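# model the following, please.
(one chain, ligands or ions: 1)
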Amino acid sequence: MISVRDLHHSFKIGKKGKEKKIPVLKGITFNVEDGEIVFIVGRSGSGKSTLLHIMAGFLTPESGEIQVEGVHTSSFTEAESAKFRLDHFGFVFQNFQLMPGLTAFENVELPLKLKGVNKGSRKDKVKEIMQQVGLTDVQNHYPNELSGGQQQRVSIARALITDPPIIFADEPTGSLDSETEQDVLLLIQSLNKTRGITFVIITHDDEVARTADRIYKMHDGELVEGGEQHEI
Ligand SMILES: Nc1ncnc2c1ncn2[C@@H]1O[C@H](COP(=O)(O)OP(=O)(O)OP(=O)(O)O)[C@@H](O)[C@H]1O
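Next comes the predicted model:
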């Protein structure tokens, strides 16, 4: 479970000496249960990305507390955060963030290489995941030889390859047409069911959030609405 308690954060903007403090998160409290698909929706500038960055340990909150599987992650040092991320989190981004000089197969393999997994185990694992996300036929293509939907499948496979229990996704379907968007959302649902992975997904698109178990709505730094999908 991820527990977020009374999270506050602000950014300082403007010239030195004349800085203004802009509050961006104003007391956020919510839980993400294991195995859930949770969407955080809200308009541009409402604070979604800031919340995600803090939950993933890229940013230290001004105040408040985060626990992931009972571990107080909000008081981690940068090095502790990086180590924790490697073992617990996968990431999917709107613009895929694939390495252009590596094939689809090699992109997915990379996190295992970084973890020091031996070549034989790497190949087996990547093959299995490529099959699960439907990329076997294009595994030797470079990113620029793939469609947007295929590239997002590669990035999802890369996020999954180290078996993290939690995947954070920032507008994962934001660059896709509506049909491809549906394919990617179905893939996320199927991975959630078959592997029990928890997904925390941010989007400004209410339609996309229909696949959620739970939806939280952000408005101007506050969670203004939430609950089970069927309650909304
Ligand atoms: N590094 C920063 N320095 C100063 N202000 C920032 C910084 N990052 C974000 N902000 C401000 O914080 C507010 C919330 O930004 P955030 O990116 O979290 O919103 P968002 O809901 O994710 O928006 P979008 O959907 O456009 O990505 C915005 O007003 C933004 O300008």
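# so which residues on the protein come close to the ligand?
Applying C-beta under 6 Å from any ligand atom, one finds that the chain approaches the ligand through 11, 13, 22, 24, 42, 44-50, 204. The C-beta positions use only the backbone N, C-alpha and C, and glycine is treated the same way.
# quick check: Lys193 vs Gly57, distance?
27 Å (C-beta to C-beta, to the nearest Å).
# between these two, who's got more neighbours?
Gly57 (21 against 11; other C-beta atoms under 10 Å).
# for the more buried one, which non-adjacent residue is spatially closest?
Ser81 (3.6 Å; C-beta to C-beta, 6 or more residues apart in numbering).
# where exactly do the strands run in the protein?
Assigned strands in the chain, in chain order: 2-13, 20-32, 37-42, 63-68, 71-72, 89-93, 166-170, 198-203, 214-219, 222-225 (criterion: DSSP state E).
# what's in contact with the fifth one?
So the one you mean is strand 71-72. For strand 71-72, the external contacting residues (C-beta atoms under 8 Å, 6 or more residues apart in numbering) are 65-66, 84.
# chain center to the lengthiest helix in the chain, what's the gap?
As assigned by DSSP state H, the longest helix anywhere in the chain is helix 178-195. Distance, stretch centre to chain centre, for helix 178-195: 14 Å (C-alpha atoms, centre = their mean, to the nearest Å).
# buried set for that helix?
180-181, 183-185, 187-188, 191-192 (16 or more other C-beta atoms under 10 Å).
# try stretch 214-229
214-218, 221, 223, 226.
# in the sheet, who's paired with the most centrally placed residue in the chain?
For the chain, the residue nearest the mean C-alpha position is Phe168 (1.5 Å; C-alpha atoms, centre = their mean). Bridge pairing for Phe168 (DSSP bridges) gives the partners Phe91, Val200.
# and the strands of the chain as JSON lines, adding mean pLDDT?
Below are the strands of the chain laid out as JSON lines (pLDDT from 0 to 100):
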{"stretch": "strand 2-13", "mean pLDDT": "95"}
{"stretch": "strand 20-32", "mean pLDDT": "95"}
{"stretch": "strand 37-42", "mean pLDDT": "94"}
{"stretch": "strand 63-68", "mean pLDDT": "96"}
{"stretch": "strand 71-72", "mean pLDDT": "94"}
{"stretch": "strand 89-93", "mean pLDDT": "94"}
{"stretch": "strand 166-170", "mean pLDDT": "96"}
{"stretch": "strand 198-203", "mean pLDDT": "95"}
{"stretch": "strand 214-219", "mean pLDDT": "92"}
{"stretch": "strand 222-225", "mean pLDDT": "84"}
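# so can I have a markdown table of the ones you listed showing distance to Ser155?
Shown next, in a markdown table, are the strands of the chain (distance: least, C-beta to C-beta, whole Å):
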| stretch | distance to Ser155 |
| --- | --- |
| strand 2-13 | 22 |
| strand 20-32 | 21 |
| strand 37-42 | 17 |
| strand 63-68 | 22 |
| strand 71-72 | 26 |
| strand 89-93 | 5 |
| strand 166-170 | 9 |
| strand 198-203 | 13 |
| strand 214-219 | 23 |
| strand 222-225 | 27 |
